[in-house]
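Participant: quick one, fold the following:
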Amino acid sequence: MLHKFRYVLNKNRCCCETEISKEQLGKMLEKGAILLDVRSPQEFAEGHLENAISLPEYEINQSVNDILPDKLQIIIVYCSTGHRSEKAQKELERLGYQKVYNLCKGLENSY
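Facilitator: Residues are numbered from 1 along each chain as shown. Prediction:
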């Protein structure tokens, strides 16, 4: 019972300091953060967050340096549920990007 209660309390919270909430998203975008949609091109075409750049998670290694040359730029990644963007976040960090954040629960959380 206690476990279920903790789940209910935490289900709307982000799990770590590199995940951001919908509320934090707007503030970070105002400060010049880049919004990176890591879903497929088809998903992006069906609808995306305003001013987002499309870079599918499976293309990050091939294209990110051309699209985002500044490794100190604040980058917010998102997908539908937060799973692909979490993988993309880790890959970007592995490639040397230092300020990468994941939109907690992806688009599921943004509407």
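Participant: now do the lengthiest helix in the chain, average pLDDT.
Facilitator: When the chain is parsed with DSSP state H, its longest helix is helix 83-94. For helix 83-94, the mean per-residue pLDDT is 96.
Participant: try stretch 31-50
Facilitator: Rounded mean pLDDT across stretch 31-50 is 96.
Participant: work out the gap between that stretch and the centre of the chain.
Facilitator: 9 Å (Cα atoms, centre = their mean, to the nearest Å).
Participant: list the buried residues in that stretch.
Facilitator: 33-40, 43-44, 48-49 (16 or more other Cβ atoms under 10 Å). C-betas here are computed from N, CA, C, even on glycine.
Participant: and stretch 78-88, by the same measure?
Facilitator: 78-80, 82, 84-88.
Participant: which SS class is residue 45?
Facilitator: Here residue 45 takes the helix state, with states given by DSSP: H, G, I helix; E, B strand; the rest coil.
Participant: measure it to residue 99 for me?
Facilitator: Per Cβ to Cβ, to the nearest Å, residue 45 is found 28 Å from residue 99.
Participant: cool, and residue 37?
Facilitator: Per Cβ to Cβ, residue 37 is found 18 Å from residue 99.
Participant: SS state for the spatially most central residue of the chain?
Facilitator: The centroid of the chain falls nearest to residue 77 when counting by Cα atoms, centre = their mean (2.3 Å). Under three-state DSSP, residue 77 falls in the strand class.
Participant: wait, it touches residue 92, no?
Facilitator: Yes: assessed by Cβ atoms under 8 Å, residue 77 is found in contact with residue 92 at 7.1 Å.
Participant: mind listing the shared neighbours of the two?
Facilitator: When contacts are counted by Cβ atoms under 8 Å, 6 or more residues apart in numbering, the set common to residue 77 and residue 92 consists of residue 100.
Participant: what ranges do the helices span in this protein?
Facilitator: Here the chain has its helices, by DSSP H, at 2-10, 22-30, 41-46, 60-67, 83-94, 106-110.
Participant: closest to residue 53 out of those?
Facilitator: Proximity to residue 53, assessed across the helices of the chain by Cβ to Cβ, is greatest for helix 60-67 (6.4 Å).
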